[in-house]
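Asker: okay, here's the prediction I keep looking at, along with the sequence it came from:
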Amino acid sequence: MSTVADLWTLFARSADAAPHQAALEVDGRVWSYAELNALARRTAYALTGAGAKPGSPVGLWATRDASTYAALLGILHAGCAYVPMHPGWPAERLRHIARCTGFAQVVVPPHLDPSRDALLEAAAPNTKRIPVPFDATGSIPDTAPHRGDPAYILFTSGSTGVPKGVAVSHANVLAYVAHAASLIDARSTDRFSQTFELTFDLSVHDLFVCWAAGATLVVPTRDDLLRPAQYIRAQRITQWFAVPSLAVLIHRQRSLKDGAFPSLRCSAFCGEPLAETIARSWSASCAGGRVINLYGPTETTIAITAYELPQGDARSHHGVLAIGRPFPHATIAVVDAEDHEAEEGELLLRGPQVAMGYWNDPERTAASFVQRAGDGPWYRTGDRVRRGADGDLLFLGRMDQQVKVRGYRIELEEVDQALRTTSGAAFAHTIAHPVVDGVATGLVAFLPAPATIPAEDLRARLGRLLPDHMVPARFLFIDKVPTTTSGKVDLQALAMRAAQGPSDGAR
């Protein structure tokens, strides 16, 4: 890994070593490393011909087809940073991403649906469309790969109501891949799952840990993700990576049974708290296969601590599995409110995986990526942890209003601000509810009574500003906001009200 300088070379090395090995399985079609390599290089050639320069952002219309994976690799070959955009996102969010990054090109499938093309035109009207040259038989341009940073820019929920773009370098990802590949014992014979959208940073593990090993990435369909147990068995998945919510779904579908997944060698979970009961059931389902709990914000590149479920007693807090210890090249600090080292407090992280900062946002970068005692940058996670006596970290919760739903990081203030904007309400308070096995499965919003806007209309308005996973599933209308003795919103009282049963605006 030390001789690899960028992600394209990581993929190309496997393509050169075993060109006929299956690199990608999607939509019932197997693509070899040689075929995917050819598509990517043609895309890179088209990009440079359209004026894309190394180091510049390039939009990526992120769907689950072969052209998208070729496009991502082609953007990296051209030395550019890919900026994934989900076709299901509202136009306003896409517009913000295009405006913030200023990309001049966007790579799209060879046959873009007219409605999606109209959405893209509304979001990024002054950009060049680069269709993936979807021809595996034509000549391959003889072009050398370029170097440029960052590797990608992913947008996460922002506490100010504005999404922020995390700029991640090639060196950040390579540091992660080097350790993760060893941690999970990745092999060329492995078949990797790909449960994450490409707009989610955990997808980078799926792609590049897989391709670094010369293994096969098996992309599930939308229907497969509704029946993940069948997908694991039918596709003989050996390396599984997902949010705990997916394991909870399998458990609810009564498919998490002893020995259900004999093909799985290693299963990793990340993005949400992992309940020990779910981890134990999962371990039994894969006949004793390894189960690893990973932790890491987008700003520290995919994951940066790990805890493997032991055969005996496990480290946990209120039934939630420990997040373990940092990767060997990472450094942690647990600090109190005065920034002094403590046994319990906010977790700070430093090392080669810490990202470059927020794209075109020096103020928020300076607030989150800080210097301490002359060294840094340290990333302030906003997560509260406790050091265990044996060195393992226990996740205690957030120090702010950020939550995780289906693995997506959500700043509740962003939802509240959108609610106030769309409804004109005097107040709006959103909570994560319900929480099942330590995992939040949805959002509930509280607004002033009486309701002045029908719930479905309100939901439609929010859908024009926020992705689907940030739109509350229920709206509750209350006369008065409950407060604590200190005058703060009583979130526990709101949760108790949400638990009382069906209400106006449930979906």
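Answerer: Done, it's in.
Asker: enumerate every residue touching the closest residue to Gly271 other than its chain neighbours.
Answerer: Nearest residue to Gly271 in three dimensions, chain neighbours excluded: Gly407, at 3.4 Å (C-beta to C-beta, 6 or more residues apart in numbering). Using the backbone N, CA and C atoms, a C-beta is placed for each residue, glycine as well. Contacts of Gly407 were listed using C-beta atoms under 8 Å, 6 or more residues apart in numbering, and they are 196, 200, 202, 243-245, 270-272.
Asker: tell me where the stretch 1-150 of the chain has strands.
Answerer: Along the stretch 1-150 of the chain, the stretches classed as strands by DSSP state E, counting those that start in this stretch are 22-26, 29-32, 57-61, 81-85, 105-108, 128-131.
Asker: any idea which of the ones you listed is most buried?
Answerer: strand 57-61 (a mean of 27; mean count of other C-beta atoms under 10 Å).
Asker: circling back: and the contacts of Gly407, which of them are in helices?
Answerer: Counted as lying in helices by DSSP state H, out of the contacts of Gly407, are 244-245.
Asker: which two among the contacts of Gly407 are spaced furthest apart?
Answerer: Spatially, the most separated pair among the contacts of Gly407 is Phe200 and Pro244, at 14.2 Å (C-beta to C-beta).
Asker: more crowded one of those two?
Answerer: Pro244 (27 against 22; other C-beta atoms under 10 Å).
Asker: check contacts around the more buried one.
Answerer: With C-beta under 8 Å, 6+ apart, Pro244 has these contacts: 269, 271-275, 278, 407, 437-439.
Asker: ok, it to Tyr379 distance?
Answerer: 23 Å (C-beta to C-beta, to the nearest Å).
Asker: tell me the buried residues in stretch 477-494?
Answerer: Neighbour-count burial for stretch 477-494 flags 477, 489-490, 494 (criterion: 16 or more other C-beta atoms under 10 Å).
Asker: closest one of those residues to Lys53?
Answerer: Val489 (47.9 Å).
Asker: partner residues bridging the closest one?
Answerer: Beta-bridge partners recorded for Val489 (DSSP bridges): Thr483.
Asker: pLDDT value on it, please?
Answerer: pLDDT recorded at Val489 is 74.
Asker: Gly88 now?
Answerer: pLDDT, Gly88: 87.
Asker: that one touches His469, doesn't it?
Answerer: No: Gly88 is beyond contact range of His469, at 9.7 Å (criterion: C-beta atoms under 8 Å).
Asker: okay, buried residues for the helix ranked longest in the chain please.
Answerer: Criterion DSSP H: the longest helix present in the chain is helix 33-49. The neighbour-count check on helix 33-49 (16+ other C-beta under 10 Å) flags 33-48 as buried.
Asker: cool, stretch 186-199 as well?
Answerer: 186, 190-199.
Asker: now do the same for it: mean pLDDT, whole number.
Answerer: The model assigns stretch 186-199 a mean pLDDT of 96.
Asker: same question for stretch 274-291.
Answerer: The pLDDT scores in stretch 274-291 average 92.
Asker: how long is it end to end?
Answerer: One end of stretch 274-291 to the other measures 11 Å (C-alpha to C-alpha, to the nearest Å).
Asker: same check, this time on stretch 308-323
Answerer: 9 Å.
Asker: now swap in stretch 417-431 and tell me
Answerer: Span of stretch 417-431 from end to end, C-alpha to C-alpha: 13 Å.
Asker: may I see the buried residues of that stretch?
Answerer: For stretch 417-431, by 16+ other C-beta under 10 Å, it's 417-419, 422-423, 425, 428-431.
Asker: quick one: the helices in the stretch 251-400 of the chain, in order.
Answerer: Secondary structure of the stretch 251-400 of the chain by DSSP state H, counting those that start in this stretch: the helices cover 276-285, 362-368.
Asker: which one, of these, ends up nearest to Asp383?
Answerer: If we rank the helices of the stretch 251-400 of the chain by C-beta to C-beta, the stretch that ends up nearest is helix 362-368, at 12.5 Å.
Asker: then the closest one to PDB, C-alphas only?
Answerer: Output of helix 362-368 as PDB, limited to C-alpha atoms (Å, rounded to 0.1, in the frame of the first residue of the first chain):
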ATOM      1  CA  PRO A 362     -13.000  28.200   6.500                       C
ATOM      2  CA  GLU A 363     -15.100  29.300   9.500                       C
ATOM      3  CA  ARG A 364     -16.600  25.900  10.100                       C
ATOM      4  CA  THR A 365     -13.300  24.200   9.300                       C
ATOM      5  CA  ALA A 366     -11.600  26.300  12.000                       C
ATOM      6  CA  ALA A 367     -14.300  25.500  14.500                       C
ATOM      7  CA  SER A 368     -14.100  21.700  14.000                       C
END
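Asker: all set, thanks.
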